[in-house]
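Asker: give the three-dimensional model of this entry:
(one chain, ligands or ions: 1)
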Amino acid sequence: MTGPQGADDIDWEALRAVARDAMSHAYAPYSGYPVGVAALVDDGRTVSGCNVENASYGLGLCAECGLVSELQRTGGGRLTHFTCVDGDGEILVPCGRCRQLLYEFGGPGLLLETPKGIVPLAEMLPQAFTPKHLDK
Ligand code: THU
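Answerer: The predicted model follows:
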């Protein structure tokens with residue numbers, strides 16, 4: 001692929017830097033586990049998010065919640081490339097629930113940077129429940 005969104009010329013390091021900056025804004029006093037995420041959108045935008053916890057532990061928001069919220073708020077579109085980092089800035093896999101969030105806005109072809117390399121979301125969330133299931 002060629003062009004700014006091509007798989008081969010994506011600057012994953014730059015995208016990870018955005019995720020690390022987002023992580024530095026995390027509010028994670030309960031888990032002590034800050035997370036940052038960043039993604040490219042099909043129109044060239046970059047969106048990001050950090051986790052925001054709550055005294056009611058189970059109500060904490062994963063970093064991906066902030067990311068999809070920013071995506072929608074700033075004009076929608078489709079996610080094409082995604083990365084997630086932990087408090088050390090190391091590449092992290094998104095949790096199971098957040099894979100579902102990512103599927104909604106990126107679909108099976110969304111490319112994820114993982115500790116095992118770049119993989120499509122279809123591999124990280126096989127047999128996904130999708131909006132198509134709601135059709136019947
Ligand atoms: N966390 C995220 O923000 N995203 C993930 O994909 C993995 C987990 C957050 C949730 C919680 O605030 C902290 O990491 C520890 O689980």
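Asker: look up how far the ligand lies from T74.
Answerer: According to C-beta to the nearest ligand atom, to the nearest Å, T74 stands 20 Å off from the ligand. Where you see a C-beta, it was placed from the backbone N, CA and C, and this is true even at glycine.
Asker: so what's the residue count around that residue?
Answerer: T74: 11 surrounding residues under other C-beta atoms under 10 Å.
Asker: one more: A63?
Answerer: Neighbours around A63, by other C-beta under 10 Å: 28.
Asker: list the contacts of it.
Answerer: Listed by C-beta atoms under 8 Å, 6 or more residues apart in numbering, the contact partners of A63 are A22, M23, A26, V35, G36, V37, G49, C50, N51, C84, C98.
Asker: which helix or strand contains the first one?
Answerer: Counting by DSSP states H and E, the element that carries A22 is helix 12-23.
Asker: name the helices or strands packed onto that helix?
Answerer: Helix 12-23 sits against strand 36-41, strand 46-50, helix 63-73, strand 79-85, strand 111-114, with contacts defined as 3 or more C-beta pairs under 8 Å, 6 or more residues apart in numbering; DSSP states H and E.
Asker: quick one, which of the ones you listed is packed in tightest?
Answerer: Scoring the helices and strands packed on helix 12-23 by mean neighbour count under mean count of other C-beta atoms under 10 Å gives strand 36-41 as the most buried, with a mean of 27.
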